[in-house]
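Student: How does the following fold in three dimensions:
(chains A and B)
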Amino acid sequence: MERNQMHRQIANTRKLMFDQGYLDEQFIQLEELQDGSNPNFVEEVVTLYYRDSARFLSNLDQALEKRPLDFSKLDNLMHQFKGSSTSIGAKKVKTECTHFRNYCNARNAEGCKRTFQNVKKEYTTLRKKLEAYFQMSRQVGPVETAYASSVVVCTIRYDTIHSLHLNIIHSNLPLRRCAARSH
Amino acid sequence: MCKKLVQMMQGKIWMSTNSQGYIQSTSLVLRFQIQQTFNRPMFDLTNFIDQPKSNSIFRGLQVILADDDGVNRMVTKKLLEKLGCQVTTVSSGFECLSSLGPTMSPFHVVILDLHMPEMDGFEVATRIRKFRSRNRPLIIALTASAEEQVWERCLQVGMNGVIRKPVLLRGLEIELRTVLQRAGERLSS
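Tutor: Numbering: from 1, shown residues only, chains lettered A, B, ... in the order given. As a prediction, the model looks like this:
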């Protein structure tokens, strides 16, 4: 029962991130790409994102220190960072990136600096939420490999020595019809 | 022997006999681990049904993906693989060109991010089209831009299609299918 509670908690945590606008459908696409052969795909992509984007953010920090500001370079850096943020579905981060680029186009230095603080804030907030979410998920193990056992009782009739018929007389789960023949 | 096998599967097996002592039937109780498919939510099952249709035309398609962003590379590659493609990734225009080489390229499709540092997608496409090889790969651009001039320029340098970023499975599938069909039509005309 505790396991079910944990699953529900994880589902709620996830739903909240969407409801509060931290994540969008791109994140769902990542989840859809996760399967048995890549059971940790989402976490791997997100980890890569936080690792690679640290570089963009520090480059942006440095570029914002220069006088005068090179708006073209700032825009270029932000374009790349926005791209990968979009790929993982980081909705609020993406929005702040767009604001930043608008200020770049308007050559508004104050606007750029102010918005960049917001970018970093949203980036960090999302990171904490995702880390907590992944940690919870790891505790219960991936849902797809969680298993329940099904009990099947069947009789095997010997009609002829050439075939064996499996009659399923009881099962605690719905089963697909399949033929079992043995030679 | 059967008994041993069943016991190893943590089940039980026993025989029931009829009144004359002949074995009438054997009963078998087994435990099964539920396969992944049962646990997937509904939308996944629909994907699974669609897959044979969408995968078949892309199966075995050799794709080279050039994108300087690691996250985008990882995601786009997975999307392409989900469609059945065989994907090689490179992180720059230079790597892309050296993988294609001046002679027969083993790749059917080149998917290029337009916005790469050092050598952008336009430059790469221009150089690919200069190859005198008979195997001309299909080139599809990846761009966040929705501007018509950008898309027109793609066609001018000899690209066959454009996909808007962020890449979605459906968009990727549709554009790939369109580009392949057009190429097929050109060959048969």
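Student: what's around the closest residue to residue B:61 other than its chain neighbours, how many residues?
Tutor: Distances taken as CB to CB, 6 or more residues apart in numbering or on different chains put residue B:85 closest to residue B:61, at 4.6 Å, once the chain neighbours are dropped. (C-beta placed from N, C-alpha, C; glycine too.) Other residues lying near residue B:85 total 23 when counted by other CB atoms under 10 Å in any protein chain shown.
Student: Please work out how many residues are found near the residue of chain A found nearest chain B.
Tutor: Nearest residue of chain A to chain B: residue A:84, at 4.0 Å (CB to the nearest CB). Residue A:84 is flanked by 24 other residues according to other CB under 10 Å.
Student: pretty sure it is in contact with residue A:53, am I right?
Tutor: Yes - with contact defined as CB atoms under 8 Å, residue A:84 and residue A:53 form a contacting pair (6.1 Å).
Student: contacting residues around stretch A:26-33?
Tutor: A:18, A:41-42, A:45-46, A:86-89, B:43-44, B:47, B:75, B:78-79, B:82, B:166, B:168-169 (CB atoms under 8 Å, 6 or more residues apart in numbering or on different chains).
Student: before we move on, the earlier item: residue B:13 versus the residue of chain A closest to chain B, what's the distance?
Tutor: 57 Å (CB to CB, to the nearest Å).
Student: Now list whatever residues contact both of residue A:84 and residue A:53.
Tutor: Residues touching both residue A:84 and residue A:53 (CB under 8 Å, 6+ apart) are residue B:71.
Student: Return the backbone torsion pair for residue B:143.
Tutor: Residue B:143 has phi and psi values of phi -150, psi 150 when expressed as degrees, to the nearest 10.
Student: swap in residue B:113?
Tutor: Backbone dihedrals for residue B:113, given as degrees, to the nearest 10, come out at phi -70, psi 130.
Student: repeat for residue B:138
Tutor: Summarising the backbone geometry of residue B:138 under the convention degrees, to the nearest 10, its torsions are phi -80, psi 140.
Student: Below-threshold pLDDT in the chain: ranges please.
Tutor: Looking at chain A here, since you left the chain open. Segments of chain A classed as low confidence (criterion: pLDDT under 70) are A:1, A:142-183.
Student: should've been chain B
Tutor: Using pLDDT under 70, the flagged stretches of chain B are B:10, B:17-19, B:21-27, B:29-56, B:102-105, B:132-135, B:188-189.
Student: which residue ranges form the strands in it?
Tutor: For chain B, the strands defined by DSSP state E occupy B:12-17, B:23-33, B:62-66, B:86-90, B:109-113, B:138-143, B:161-164.
Student: which strands and helices sit next to the shortest one?
Tutor: Helices and strands touching strand B:161-164, by 3 or more CB pairs under 8 Å, 6 or more residues apart in numbering or on different chains; DSSP states H and E, are strand B:138-143, helix B:148-156, helix B:169-188.
Student: In contact with residue B:123, which residues?
Tutor: When contacts are counted by CB under 8 Å, 6+ apart, residue B:123 is found next to residue B:93.
Student: Quick check: buried residues in the host helix or strand of residue A:78?
Tutor: Taking DSSP states H and E as the definition, one finds residue A:78 inside helix A:71-87. Along helix A:71-87, the positions that meet the burial threshold by neighbour count (16 or more other CB atoms under 10 Å in any protein chain shown) are A:71, A:74-87.
Student: can I see the domain layout of chain B?
Tutor: Structural domains annotated on chain B: B:1-34, B:46-183, as defined by automatic domain parsing.
Student: Distance of residue B:61 relative to chain A?
Tutor: When CB to the nearest CB, to the nearest Å is applied, the distance between residue B:61 and chain A equals 18 Å.
Student: Roughly how far does that residue sit from residue B:110?
Tutor: Distance, residue B:61 to residue B:110, by CB to CB: 12 Å.
Student: what about these two, which has more around it?
Tutor: Each of residue B:61 and residue B:110 has its neighbours counted (other CB under 10 Å); residue B:110 has more, 28 against 18.
Student: Contacts only, for that one.
Tutor: For residue B:110, the residues meeting the contact criterion (CB under 8 Å, 6+ apart) are B:63-64, B:66, B:96, B:100, B:124-125, B:128, B:137-140.
Student: how close does the residue sitting furthest away from the middle of chain B sit to residue B:14?
Tutor: Residue farthest from the centre of chain B, counting by CA atoms, centre = their mean, is residue B:20 at 62.2 Å. Spatial separation of residue B:20 from residue B:14 under the definition CB to CB is 18 Å.
Student: Over to residue A:99?
Tutor: From residue A:99 to residue B:14 the distance is 73 Å (CB to CB).
Student: neighbour-wise, which of these two wins?
Tutor: More crowded of residue A:99 and residue B:14, by other CB under 10 Å: residue A:99, with 17 against 11.
Student: most centrally placed residue in chain A?
Tutor: Nearest to the mean C-alpha position of chain A, by CA atoms, centre = their mean, lies residue A:42 at 4.1 Å.
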